[in-house]
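Asks: pasting a predicted model and its sequence here:
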Amino acid sequence: MRKILDKMFLKKFSLTIPIAIALLMYLLFLLFGMAEDKVNLMIITPIVSLVCFFGMFFVVLIQVKISICPEWFLNLFELFATVIFGIYAIVGAIFFIASGFQNFNVGICLGFVAYSAVSWAHSKRTQ
């Protein structure tokens, strides 16, 4: 399972591309979205995304640095978090685009940001 994770988290691409996609979704919402709570979403999304990024990063990093955490558990946790957040973000992005940039959900950005956070923590593991 470790080899699969190493291939999933290729160098800088797995860190920068999901964040760029999340930023693109957010900007598309700012430009074309017509939600009634648009102002709240504009304010909440960056704050919650930063909290999610660093929260997820430190949760995984603590597991990486603690020597009593078994490797199989760490591998399973990384894979589970990556798959769940990745699927949620991709499905949310597809619905957002299909709705004509109207159905924005903060979870779209959170999914992509969480993937990047796990990727960054995994890079600390391989060093």
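Replies: That came through fine.
Asks: name the element I4 belongs to?
Replies: helix 2-8 (DSSP states H and E).
Asks: that helix packs against which elements?
Replies: helix 71-98, helix 106-126 (3 or more C-beta pairs under 8 Å, 6 or more residues apart in numbering; DSSP states H and E). Quick note: C-beta positions are derived from backbone N, CA and C, even for glycine.
Asks: from these, which stretch is densest packed?
Replies: helix 106-126 (a mean of 22; mean count of other C-beta atoms under 10 Å).
Asks: can you state the direction angle for that helix and helix 71-98?
Replies: 150 degrees (axes from the mean of the first three to the mean of the last three C-alpha atoms, to 10 degrees).
Asks: now helix 106-126: mean pLDDT?
Replies: For helix 106-126, mean pLDDT rounds to 89.
Asks: and it, how far from the chain's centre?
Replies: Put simply, helix 106-126 sits 5 Å off its chain's centre (C-alpha atoms, centre = their mean, to the nearest Å).
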